[in-house]
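Student: using only what follows, build the 3D model:
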Amino acid sequence: MYHTLFSLVLSKLDPERAHHLAFLVIRALPVLGLGRLVRRFTAPDPSLAVEALGLRFDSPFGVAAGFDKNGEAVIGLGQLGFGHVEVGTITAIAQPGNDKPRLFRLIPDRAVINRMGFNNQGAAVAANRLLGVVRSRRRPVLGVNIGKSRVVAVEDATADYLTSARALSPVADYLVVNVSSPNTPGLRGLQELELLSPLLAAVKEVAGQKPLLVKIAPDLTDEQVVKIAGLVVELGLAGIIATNTTISREGLLTDPAVVEAAGAGGLSGAPLADRSLEVLRLIRANVPADLCVISVGGVESAADVQARLDAGATLVQGYTAFLYLGPLWARQINRGLLRLRRPLVEA
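Tutor: Numbers count the residues shown, from 1 in each chain. Model prediction:
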């Protein structure tokens, strides 16, 4: 049914408008009292639960940052079957993001190019809103992803991140430092060790006992990935999220003219799967077994999620396939994971 709706209606709408329409429905689930009924249909089997970061995740599968930028639909997303929701990216200073259009579908590739630019209402507003979320007894694990405000110079980035961390760490189950979006000028330069080390150390101090992770780009060299993994271990961070979107356009099936017309931005979706899996394996080979590694990028099916878990991921996130597969995607993943694991149990 959703495939037909997407083909006939949603694919004809501006992608950002279609996202907002779907988002309004998800936000409305708990407000209208429909969420509890939906949850009966979507709740993950208890056998899928994962213990990580000192927290219990109902499912290893969650929503990546970018879908819920301001923490407005956390409860609704949990009611759809996601084990955790990572909100953001949130910046200390509210910002509108880049000019529209800024979100583009590459349908033959089941991919998206975005240059949203961290559009969000700012850390103070998000922190106030998330207070209500954390008080809810029936909610998914809540991650909060923070980034640099666009108007802040790179040399002042640490102070900017600390403002966000102070506001948001009290309302987060875990906190993520995003230094890997290609859509904020200078941001990816913060992945250089001489800049990244003092930044992460400072945020970790402010976060206190709250688990802190860093999100990295797929476009790093293998050597850079290994060095960042070592830094994470050295600083005592809780984990790594791999990976963000890519600036690569290699191997796409979409008409090159369409890709060129979309312009700059981060590519997400199925074409990112191979590199994301490579980075996951590289990280896992260079960090302790108990370090949390969250894999994201190109995940579509339960088999994809299980492959990431088999490769050493602690948890898995998705986003882009949500736009193509619809609101029951998490349920499909969770039911699929259960089917994949039953033969092992029966054996």
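
Student: where does the stretch 1-150 of the chain dip in pLDDT?
Tutor: 1-2, 5-12 (pLDDT under 70).

Student: show me where it has its helices.
Tutor: Using DSSP state H, counting those that start in this stretch, the helices of the stretch 1-150 of the chain run over 2-8, 15-31, 35-42, 74-79, 123-134.

Student: quick one: closest of these to R339.
Tutor: Proximity to R339 (C-beta to C-beta) singles out helix 35-42 among those, at 15.8 Å. All C-beta atoms are positioned from the backbone trio N, CA, C, and that covers glycine.

Student: next, the angle helix 15-31 makes with the closest one.
Tutor: Helix 35-42 and helix 15-31 are oriented at 110 degrees to each other (axes from the mean of the first three to the mean of the last three C-alpha atoms, to 10 degrees).

Student: export helix 35-42 as CSV, just CAs?
Tutor: Backbone C-alpha positions of helix 35-42 (Å, rounded to 0.1, in the frame of the first residue of the first chain) are rendered in CSV as follows:
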residue,chain,number,x,y,z
GLY,A,35,0.0,5.5,19.6
ARG,A,36,-0.9,2.9,22.2
LEU,A,37,-2.9,1.0,19.6
VAL,A,38,-0.2,1.3,17.0
ARG,A,39,2.4,0.1,19.6
ARG,A,40,0.5,-3.2,20.1
PHE,A,41,1.1,-3.8,16.4
THR,A,42,4.7,-2.6,16.2
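
Student: what's that helix in contact with?
Tutor: L29, I75, G76, Q79, L80, G81, R138, L328, A330, R331, N334 (C-beta atoms under 8 Å, 6 or more residues apart in numbering).

Student: circling back: most packed of the helices of the stretch 1-150 of the chain?
Tutor: Ranked by mean neighbour count under mean count of other C-beta atoms under 10 Å, the helices of the stretch 1-150 of the chain are led by helix 74-79, which reaches a mean of 26.

Student: which elements pack onto that one?
Tutor: helix 15-31, helix 35-42, strand 84-90, helix 123-134 (3 or more C-beta pairs under 8 Å, 6 or more residues apart in numbering; DSSP states H and E).

Student: what about the closest residue to L220 other than its chain neighbours, how many residues nearby?
Tutor: Spatial nearest neighbour of L220, excluding adjacent residues (C-beta to C-beta, 6 or more residues apart in numbering): Q191 at 6.6 Å. Neighbourhood size, Q191 [other C-beta atoms under 10 Å]: 21.

Student: ok, back up a step: in TSV: the helices of the stretch 1-150 of the chain, plus distance to A270.
Tutor: Formatted as TSV, the helices of the stretch 1-150 of the chain follow (distance: least, C-beta to C-beta, whole Å):
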stretch	distance to A270
helix 2-8	15
helix 15-31	16
helix 35-42	24
helix 74-79	22
helix 123-134	30
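
Student: of those, which is nearest G263?
Tutor: Smallest distance to G263 across those (C-beta to C-beta): 13.9 Å, for helix 15-31.

Student: gap between the closest one and the chain center?
Tutor: Relative to its parent chain, helix 15-31 has a centroid offset of 18 Å by C-alpha atoms, centre = their mean, to the nearest Å.

Student: what does that helix contact?
Tutor: Contact with helix 15-31 is made by 10, 13, 34-35, 38, 67-68, 72-73, 75-77, 79-80, 100-105, 112, 323, 327, as judged by C-beta under 8 Å, 6+ apart.

Student: who's in contact with P182?
Tutor: P182 makes contacts with R115, R188, A217, N244, T245, I247, A264, G265, G266, as judged by C-beta under 8 Å, 6+ apart.

Student: just so I know, which of the helices of the stretch 1-150 of the chain lies nearest A94?
Tutor: Nearest to A94 among the helices of the stretch 1-150 of the chain is helix 123-134; the distance by C-beta to C-beta comes to 6.8 Å.

Student: packing partners of that closest one?
Tutor: With 3+ C-beta pairs under 8 Å, 6+ apart as the test, helix 123-134 has helix 74-79, strand 84-90, strand 141-146, helix 157-168 packed against it.

Student: let's see that with 7 Å instead.
Tutor: Under the contact criterion of 3 or more C-beta pairs under 7 Å, 6 or more residues apart in numbering; DSSP states H and E, helix 123-134 touches strand 141-146, helix 157-168.

Student: just these: most buried one?
Tutor: strand 141-146 (a mean of 26).

Student: what angle do that strand and strand 84-90 make?
Tutor: If you take the same axes, to 10 degrees, strand 141-146 sits at 20 degrees to strand 84-90.

Student: tell me the contacts of the closest residue to V296 other than its chain neighbours?
Tutor: For V296, ignoring the flanking residues on the chain, the nearest one in space by C-beta to C-beta, 6+ apart is Q317 at 3.9 Å. Residues near Q317 by C-beta atoms under 7 Å, 6 or more residues apart in numbering: G62, V63, A64, E86, I294, V296.

Student: reformat these as TSV; add neighbour count.
Tutor: Below are those laid out as TSV (neighbours: other C-beta atoms under 10 Å):
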residue	neighbour count
G62	26
V63	27
A64	26
E86	33
I294	28
V296	30
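
Student: now for the residues you listed: which two are most distant?
Tutor: Across these, the longest distance by C-beta to C-beta is 11.5 Å; it joins V63 and I294.
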